[in-house]
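Quick one: sequence plus predicted model below, questions after.
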Amino acid sequence: MSPVQQTLLAANEASEHRPLIITLFALFVVATLGITIWAGRQTKDAADFYAGGRQFSAFQNGLAVSGDYMSAASFLGIAGAIALFGYDGFLYSIGFLVAWLVALLLVAEPLRNSGRYTMGDVLAYRMRQRPVRTAAGTSTIVVSIFYLLAQMAGAGVLVSLLLGITTDAGKILIVALVGILMIVYVSIGGMKGTTWVQMIKAVLLIGGTILITFLVLLKFNFNISDLLGQAAENSGKGAAFLEPGLQYGATGTSKLDFISLGIALVLGTAGLPHILIRFYTVPDAKAARKSVNWAIGIIGGFYLMTIALGFGAAALISQDEIIASNPSGNTAAPLLALHLGGVDSTWGAILLATISAVAFATILAVVAGLTLASSSSFAHDIYANVIRKGKASGAEEVRAARWATVFIGVVSIGLGALARDLNVAGLVALAFAVAASANLPTILYSLFWKRFTTQGALWSIYGGLIVAVGLVLFSPVVSGDPKAMFPEVDFAWFPLKNPGIISIPFGFLMGWLGTVLSKEEPDTKKYAELEVRSLTGTGAH
Amino acid sequence: MATDAPPPSKEQHKLPSPEEFAEVQESAEFGELRRSYRSFAFPLTVGFITWYLLYVLLSNYAGGFMGTKLFGNINVAFVLGVAQFVTTFLIAWWYSRHAAAKLDPKAEAIKTRMESGA
């Protein structure tokens, strides 16, 4: 049977069993909506809405952090990248995991001790509130929207493919459906509802991945060397498939791009607002530390299994079939499920439907987390502290956050619908680069550098933000490349796809420069308060 | 700041004054806590980032070395990649042990004293 015939068969199989896939999707939606309504009834004040009442256990939060972090880009993207590029795909997993040590050692506990609801709480602690809150809110919303856009467009592509929807109207409908669900989860359930959705998704994702990993390893009698050997042979690339370089090794520029990506991945995680606000959902800093440890265990285990997923797909499915189904390999994991169960069998269809439902749950949980982070930052940083100058009541803040959720949801439906056919893979890596350039330097300076001033904070946030976004605008991600968003025009003078190697040092540099050139003295009294509080938890909410 | 009431289940702590915070910041006890935290976390951060970057650079510029087969189809690149996972788990465990043994008791003592107002 030719690869193309196989793919057609697979697609037919998918559409034949469409009722099953839709039933599983619907089950997940109904269950999570039920929980959201229950959580909504328990959401009474601002601490409930923003921080889930701070009553989640370290394990629950660790699970939710994992659910918030392992996006469709991890699950589908990494499996696909390994299936197509072998070893180079695996490098993503490593950066995404090692990054958690920055969060564990430097950020999670001080943040939990000194902030209340948002990243801006910590950044503005000892600074002039209004300018720094505005900057923190801006960068939170920019990072989250980039991330959100990638997930929404990915959802449209993926779900349309799995359900066999090819019309534009159908794809827009899917994007709108995802957007509406996410508005409902966040505006009704707040942090409590979102946390439960993320926990359920994490359990489903880990369960599905364990199942597929087990089935792959069973085929190779649990001999990883044999699995790698067949993957290398079946890929047609031989030993090179198991070595670094297939994706990034071609030229000096692509190697530099790889370093840039590596830096952005490892430094970005601890500056992602939707991850940072999760540390407020536990009672104290010790629980925040334990939840990061749980997350490192769960996420690490998951990324180890992506080896079996990706190389399993490469070993058992032809490259032509993977590419025919999706040029970036994004459907390699669902295809692998189908092949493991048997292409013509009911068992294969059930596996395909299960993995598709898991991917759908993954997208919904991540977009909910992102929407919550941006609407919280809008309501708490910008509305309550900048517009109302700290005079808004908790109830007014929550009302503002709910309206912000609806607004951000509608905007991302619109952008997601426009972006449905664009290549958006670069957007997630961009969100990491912006987070590492604008947020991380300011967080670290704020917590650890006595002299840091308001001007330093503003220069590092806006400097990192503008340079990171600006470089991407003039990079091959946006124009001048067949895979760019706008392939027909070329204004790309920056050669790298990821700006991190320039923009991250720039963010750190601007924070230092803004501080030493500052005319105002640092607020040493406030720093005493922040430092003692961040290390001891004195006065933490 | 917003003025919503704290959850009723939580007992109300006294929030120390700016002078008390400044005084504690200057104290030998807090200096010891800060040193114990920073002298552990900072070098370790530099260490794991260096180790990660070394791995990225080896992948980029030492393809021959990374492709050396060790046993079966398992090569150096694969073993080093898995080693990154192992070191991440170990560092997380090591830091948590240090924090529980050396940092938590000191932090707890300062917090309790400041919030009780003594």
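It's in.

Could you report the neighbour count for residue 20?
Just going to use chain A. 18 (other C-beta atoms under 10 Å in any protein chain shown). In this view, the C-beta of every residue, glycine as well, is placed from N, C-alpha and C.

could you do chain B instead?
Applying other C-beta under 10 Å, I find that residue B:20 has 18 neighbouring residues.

Please spell out which residues along the host helix or strand of it are buried.
Assigned by DSSP states H and E, residue B:20 falls within helix B:18-26. By 16 or more other C-beta atoms under 10 Å in any protein chain shown, the buried positions in helix B:18-26 come out as B:20, B:21, B:22, B:24, B:25.

which of those residues are close to chain A?
B:21, B:22, B:24, B:25 (C-beta under 8 Å from any C-beta of the partner chain).

out of those, what pair is the most spread apart?
Within those, B:22 and B:24 form the most distant pair, 7.5 Å apart (C-beta to C-beta).

list the residues that contact both of those two?
When contacts are counted by C-beta atoms under 8 Å, 6 or more residues apart in numbering or on different chains, residue B:22 and residue B:24 are jointly contacted by residue A:528.

Quick one: end-to-end distance for stretch A:231-241.
The first residue of stretch A:231-241 is 8 Å away from its last residue (C-alpha to C-alpha, to the nearest Å).

brain fart, stretch A:337-345
Span of stretch A:337-345 from end to end, C-alpha to C-alpha: 12 Å.

Could you pull out the buried residues of that stretch?
Here stretch A:337-345 shows A:337, A:338, A:339, A:340, A:341, A:343 as buried, counting by 16+ other C-beta under 10 Å.

now for the helix holding residue B:20, which elements pack on it?
helix A:524-536, helix B:104-116 (3 or more C-beta pairs under 8 Å, 6 or more residues apart in numbering or on different chains; DSSP states H and E).

In JSON lines, list the ones you listed along with mean pLDDT.
Output for these, formatted as JSON lines (pLDDT from 0 to 100):
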{"stretch": "helix A:524-536", "mean pLDDT": "95"}
{"stretch": "helix B:104-116", "mean pLDDT": "94"}
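
Point out the most buried one among those helices.
Among the helices and strands packed on helix B:18-26, helix A:524-536 has the highest mean neighbour count (mean count of other C-beta atoms under 10 Å in any protein chain shown), at a mean of 22.

how many neighbours does residue 46 have?
Since no chain was named, I'll use chain A. 27.

oops, chain B please
Per other C-beta under 10 Å, the neighbour tally for residue B:46 reads 10.

Tell me the confidence at the residue with the largest distance to the centre of chain B?
Farthest-out residue of chain B from its mean C-alpha position, per C-alpha atoms, centre = their mean: residue B:72, at 37.7 Å. Confidence at residue B:72, expressed as pLDDT, is 91.

what's the distance between the closest residue in space to it that isn't next to it in sequence and residue B:83?
Leaving out its chain neighbours, the residue that sits closest to residue B:72 by C-beta to C-beta, 6 or more residues apart in numbering or on different chains is residue A:225, at 3.0 Å. The gap separating residue A:225 from residue B:83 is 17 Å, by C-beta to C-beta, to the nearest Å.

Doesn't residue B:70 belong to a strand?
Yes - Residue B:70 forms part of a strand when assessed by DSSP: H, G, I helix; E, B strand; the rest coil.

Report the contact partners of it.
Going by C-beta under 8 Å, 6+ apart, residue B:70 touches B:76, B:79.

just to revisit the earlier point, identify the residues contacting the helix holding residue B:20?
A:524-526, A:528-529, A:531-533, A:538, B:16, B:30, B:110, B:114.

would you turn the residues you listed into TSV with distance to residue A:318?
Shown next, in TSV, are the contacts of helix B:18-26 (distance: C-beta to C-beta, whole Å):
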residue	distance to residue A:318
A:524	66
A:525	67
A:526	62
A:528	64
A:529	62
A:531	59
A:532	62
A:533	58
A:538	62
B:16	67
B:30	63
B:110	63
B:114	66
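
just curious, which of those residues is nearest to residue A:187?
residue A:533 (31.9 Å).

Can you give me the distance of that closest one to residue A:160?
Residue A:533 sits 49 Å away from residue A:160, going by C-beta to C-beta.

for residue A:419, same thing?
To residue A:160, residue A:419 is 14 Å away according to C-beta to C-beta.

Spatially central residue in chain B, please.
residue B:41 (5.0 Å).

which ones are touching that one?
A:105, A:106, B:95.

and of the helices and strands packed on helix B:18-26, who's closest to residue A:374?
Closest among the helices and strands packed on helix B:18-26, using C-beta to C-beta: helix A:524-536, at 24.7 Å.

Keeping just the C-alphas, turn the closest one into CSV.
C-alpha atoms of helix A:524-536 as CSV (Å, rounded to 0.1, in the frame of the first residue of the first chain):
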residue,chain,number,x,y,z
THR,A,524,15.8,50.9,50.6
LYS,A,525,13.1,50.7,53.2
LYS,A,526,10.7,49.0,50.8
TYR,A,527,13.6,46.7,49.7
ALA,A,528,14.2,45.7,53.4
GLU,A,529,10.5,44.7,53.5
LEU,A,530,10.6,42.8,50.2
GLU,A,531,13.8,41.0,51.0
VAL,A,532,12.8,39.9,54.5
ARG,A,533,9.4,39.0,53.3
SER,A,534,10.6,37.0,50.3
LEU,A,535,13.0,34.9,52.3
THR,A,536,10.9,34.4,55.4
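
Please find the angle between the direction vectors of the longest helix along chain B and helix B:104-116.
For chain B, the longest helix by residue count, based on DSSP state H, is helix B:28-61. Counting by axes from the mean of the first three to the mean of the last three C-alpha atoms, to 10 degrees, helix B:28-61 lies at 130 degrees to helix B:104-116.

Name the helix or strand for the residue lying closest to residue A:487 once chain neighbours are set aside, please.
Excluding its sequence neighbours, the residue lying closest to residue A:487 (C-beta to C-beta, 6+ apart) is residue A:481, at 6.6 Å. For residue A:481, there is no host helix or strand (DSSP H and E).

and if you look at residue A:433?
Element membership of residue A:433, judged by DSSP H and E, is helix A:425-434.
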